[in-house]
Structure formats: C-alpha cells, structure tokens
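J.: need coordinates for the following:
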Amino acid sequence: MHAPHSAIRDDPALPYHLRWVWDGTAPDDRHVLVRCYHGLGDTLQFARFLPALAARAASVTFEVQPRIACLFGDFPVRVVPFDPARPHPPAEVNIESMELARALGIAPAEAPPAWLHRPAFHLPPGTMGLCCRTGDWDPERAIPPHLLEPLTHCRTCLSLDLGRSPLAVLNPGGCPDDIEATAALIAGCELVVSADTMVAHLAGALGKPAILLLRDEPDWRWAGGSGRSEWYPDFRLIRQPAPGAWEPAVAQLLQEIKA
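T.: You can find the predicted model right below:
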C-alpha cells in the first residue's frame with residue numbers, strides 16, 4: 001500500500017486532478033490533512049466520510065476550495081482554504097478527499113449522503129429546481145435549456161444556473177454566485193432536476209431527491225444501468241440513449257414527472 005518513492009505522490013508537475021496523495025498509512029490516532037484537488041462536486045460527494053475520519057484520527061485539517069469552505073462549519077475538523085500558491089504543509093497522514101473511502105475502508109452505503117443542513121428559502125409548495133449548465137470540464141454534460149421548457153408549464157420552477165435563464169422560472173436572473181444562498185434555495189425545492197454538476201451533489205448533501213440527466217457515457221460515479229446510484233439512494237438517473245441525444249432522455253424525464 002505504501003508508495004516506493006514519496007516524490008511520485010502529489011507531483012507538482014501534474015495538474016491537481018491527476019495527483020494522488022495517500023501513501024497507505026492508516027489515519028488512526030494520527031494528525032491527518034485532507035486536500036481537495038478535484039472539483040467542487042467531488043468535494044461535496046466525499047465530505048460524508050469526514051466524521052468517520054475525525055472519529056479515528058487524532059486531528060483532521062480539511063484544506064478545501066474557498067468557495068464552499070463555509071459549508072463545513074458543523075464538522076469536527078479544522079477547515080482551511082486551499083490556495084494553490086501556498087498549500088498547507090503536510091501532516092502525519094495526507095489524503096486527497098476522493099481517497100477517503102479507500103483510506104477508511106468504508107463503502108458508500110456506510111456513510112450517510114445527507115450531511116448538510118441549511119434553513120430552506122421559502123418557495124411555493126412543489127417548486128422544482130432546474131440546473132442545465134455545467135462547468136468547462138465537460139461541456140457535453142450541459143442540457144439545452146429549451147428542452148426543459150415543458151416542465152415550466154406543469155410545475156413552478158426555479159433556475160439553479162448562474163446567469164439569466166431563458167425559461168419561465170421564478171428567478172429569470174438565475175441563481176446567485178453564493179453557495180450558502182444556493183443551498184438555501186435547493187433546500188426549499190421539492191425536487192431538483194440537474195445535469196451532472198456540482199448542484200446535483202449539493203442537493204444530495206442536503207438530502208433532496210433529484211433526477212439527473214446524464215450523457216450516454218456518464219462519469220464513473222453514475223455507472224450501471226439500474227437508474228439508481230449507491231452514492232445517492234434518492235436520486236433517479238436518466239442517460240442519453242446515444243451521444244448527444246438529449247431529446248429522448250428529456251422525454252423520459254417528462255413521463256416520470258407526470259407520473
């Protein structure tokens with residue numbers, strides 16, 4: 001489990017999302033530093049393992065992306081912002097956040113996905129949150145907004161996208177670039193319909209049911225053909241039947257919403 005040469009771990013010549021940190025050392029009774037080198041959604045997904053880590057380690061420092069650092073105040077860990085120019089010094093045990101499950105020997109089902117609690121923004125009953133846009137990492141995950149227009153005819157809808165929305169939603173100006181405000185809006189929704197992006201993981205952390213629209217070859221965490229995810233039991237997954245085929249995926253979504 002230990003790397004033969006520690007220099008090949010956390011190699012500064014590599015982009016962060018390709019680095020690995022943990023060398024196989026058990027975290028029990030040791031001072032642990034958890035780094036977040038991947039996307040915001042990845043951090044939100046794997047944060048569920050932090051309480052289990054804190055129960056075993058002597059101390060935990062969580063070096064997290066500044067934009068979402070405000071969400072972790074209830075965890076028994078020290079939260080510090082991740083600054084690529086000035087990374088936190090290594091600890092006795094160093095783990096990248098997506099290595100937590102392996103380092104602890106814990107399966108997803110053993111760690112509750114809903115770890116975040118925020119007061120809900122007051123919205124009309126039955127409001128559905130919509131997130132069509134994604135980051136630059138994989139633009140093919142984004143959903144053409146006009147395909148979701150039928151949803152606005154049968155439900156009160158709220159845009160969870162940054163920037164203006166072309167849809168008939170409660171907030172045509174879009175969602176504020178404020179993670180606490182976004183969490184409060186999601187908490188006030190009855191259901192979230194989202195592309196594969198950070199908003200989906202934020203809904204899962206809040207314990208909100210969601211329907212995810214996925215490209216034909218989805219990310220590893222949504223693998224399998226059951227339409228369900230071991231990471232988020234309250235999620236329903238709908239995949240494109242072919243590359244770029246959003247229309248049939250949205251048609252299936254509309255059928256399920258009506259049902």
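J.: what residue ranges in the stretch 101-250 of the chain score low on pLDDT?
T.: The stretch 101-250 of the chain contains no residues with pLDDT under 70.
J.: got the residue ranges for the helices in it?
T.: 149-154, 179-188, 198-205, 246-258 (DSSP state H, counting those that start in this stretch).
J.: ok, which stretches of this protein are strands?
T.: Secondary structure of the chain (DSSP state E): strands located at 31-35, 59-64, 78-81, 93-96, 128-131, 157-159, 191-194, 210-214, 235-239.
J.: most tightly packed of the ones you listed?
T.: The highest mean neighbour count among those, using mean count of other C-beta atoms under 10 Å, belongs to strand 128-131: a mean of 26. To be clear about C-beta, it is placed using only N, CA and C from the backbone, and glycine gets the same treatment.
J.: give me the residues contacting that one.
T.: 148, 151, 155-161, 165, 167, 169, 185-186, 189-195, 197, 199-200, 203 (C-beta atoms under 8 Å, 6 or more residues apart in numbering).
J.: weed out the non-buried ones from those.
T.: Neighbour-count burial (16 or more other C-beta atoms under 10 Å) is assigned, among the contacts of strand 128-131, to 148, 151, 155-161, 165, 167, 169, 185-186, 189, 191-195, 197, 199-200, 203.
J.: just to revisit the earlier point, export the strands of the chain as a markdown table, with columns for distance to Asp178.
T.: As requested, these are arranged in a markdown table below (distance: least, C-beta to C-beta, whole Å):
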| stretch | distance to Asp178 |
| --- | --- |
| strand 31-35 | 24 |
| strand 59-64 | 17 |
| strand 78-81 | 16 |
| strand 93-96 | 27 |
| strand 128-131 | 15 |
| strand 157-159 | 14 |
| strand 191-194 | 17 |
| strand 210-214 | 20 |
| strand 235-239 | 24 |
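J.: out of these, the one nearest Thr25 is which?
T.: The minimum distance between Thr25 and the strands of the chain falls on strand 93-96, with 5.0 Å, by C-beta to C-beta.
J.: what helices or strands is the closest one leaning on?
T.: strand 31-35 (3 or more C-beta pairs under 8 Å, 6 or more residues apart in numbering; DSSP states H and E).
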